[in-house]
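In: quick one: sequence and predicted model below, then my questions.
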Amino acid sequence: MSWAGQRTVQTLIVWIASEAVEDIERRIRAWRLRHGITGPMPFYIRTIPVYINKEAAARKLREEIELLKARHLGLPTMAIVDTVAMSLSPGTNENSIEGMGAFASNLITLVVKPTNAAVTCIHHSGHGDSERGRGHSSLPGALDADFKVTKEEQSGGPEIITVEPKFRRSGPRFEAFHFGIEIQELGGADNFGKPIAEPVLYHLADYAPSRKKPLGKHESKALLILKDMYKRQTENLKDRPGAKARVTESDWQAEFYSSFSKDTEAGTRRIAWMRAKDALTKAGKVRIQEGFAYLN
């Protein structure tokens, strides 16, 4: 079957379901009912977490994938890690190179390369920055591609699911995919007598999203800081007729950095700063000229 207008090939799927296993199984069932799929599929769900940051566990996952590949000779292989957080051993700090770095290294060297599988990692967005995944920067540094999945609540209309490519290490650029939600009844009723049902997505080929995107938490904070700096400068220049307030980009960056807690890693602050500054300039709210940051 095609997907969102794209060509596909049949693939061996290994879904490592570390949480909400029953939900995944019901949604697969709903998808099969919606599309009339009755035959077997090379689709396997692992219902127990694999702590991929541990070398022995990563090697065990590789062995399991190799056994499944032997049942489906000739098929390409794809594994889904759902989720990254639940695939780290208890007590692991996902903000550390030891935690997230070990996860990324083991996944690539002990699973991806030996099995020649493509792996998709489902990961939560950051607490303060929804434009990036949670945890240490070693994970995004190891990716070949990054996609952001969001659900847009439409006023008076249906919910829209968007799959937006954030970057690709190689290959042609493509636009975001948009999906609507249909409800598929599975038969039977729950404890309150309501029909048991699950959502199924359908592609919205002609959907045109609004071009205006709301600012994220860090972008809003950076803009507020710059406005406050201009306000303070303007007040200090009241006694100097003709003098105009100007804020250097470096001073703005320094105040933005100081807004984080002391235990925030330097890399996290730097990435947040670059993304916030780029988003504000692209949105036309700020312009950078000759080392100064100006409000538009």
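Out: Ah, there it is.

In: in stretch 196-208, what counts as buried?
Out: By neighbour count on 16 or more other CB atoms under 10 Å, the buried set for stretch 196-208 is A197, E198, P199, V200, L201, L204. Where C-beta positions appear, they are placed from N, C-alpha and C, glycine not excepted.

In: the last one touches H178, doesn't it?
Out: Right, L204. Yes: assessed by CB atoms under 8 Å, L204 is found in contact with H178 at 4.4 Å.

In: please identify every residue contacting each of the two.
Out: Common contacts of L204 and H178 (CB atoms under 8 Å, 6 or more residues apart in numbering): I160.

In: thinking again about what came up before, in helices, which of the buried residues of stretch 196-208 fall?
Out: If you go by DSSP state H, these have nothing in helices.

In: can you tell me which of these is nearest N191?
Out: A197 (14.6 Å; CB to CB).

In: please enumerate the helices of the protein.
Out: Under the criterion DSSP H, the chain contains helices at 21-35, 55-71, 102-106, 113-115, 138-142, 217-236, 249-258, 266-282.

In: any chance of those in JSON lines, plus mean neighbour count?
Out: Output for the helices of the chain, formatted as JSON lines (neighbours: other CB atoms under 10 Å):
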{"stretch": "helix 21-35", "mean neighbour count": "15"}
{"stretch": "helix 55-71", "mean neighbour count": "15"}
{"stretch": "helix 102-106", "mean neighbour count": "22"}
{"stretch": "helix 113-115", "mean neighbour count": "15"}
{"stretch": "helix 138-142", "mean neighbour count": "17"}
{"stretch": "helix 217-236", "mean neighbour count": "16"}
{"stretch": "helix 249-258", "mean neighbour count": "15"}
{"stretch": "helix 266-282", "mean neighbour count": "17"}
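
In: of these, which is nearest Q184?
Out: Judged by CB to CB, the one of the helices of the chain that comes nearest to Q184 is helix 21-35, at 4.0 Å.

In: summarise which helices and strands that closest one is packed against.
Out: Identification of packing neighbours for helix 21-35 by 3 or more CB pairs under 8 Å, 6 or more residues apart in numbering; DSSP states H and E yields strand 43-46, strand 177-189, strand 195-203.

In: looking at the buried residues of stretch 196-208, spot the one nearest R132.
Out: Using CB to CB, L201 comes nearest to R132 of the buried residues of stretch 196-208, at 24.2 Å.
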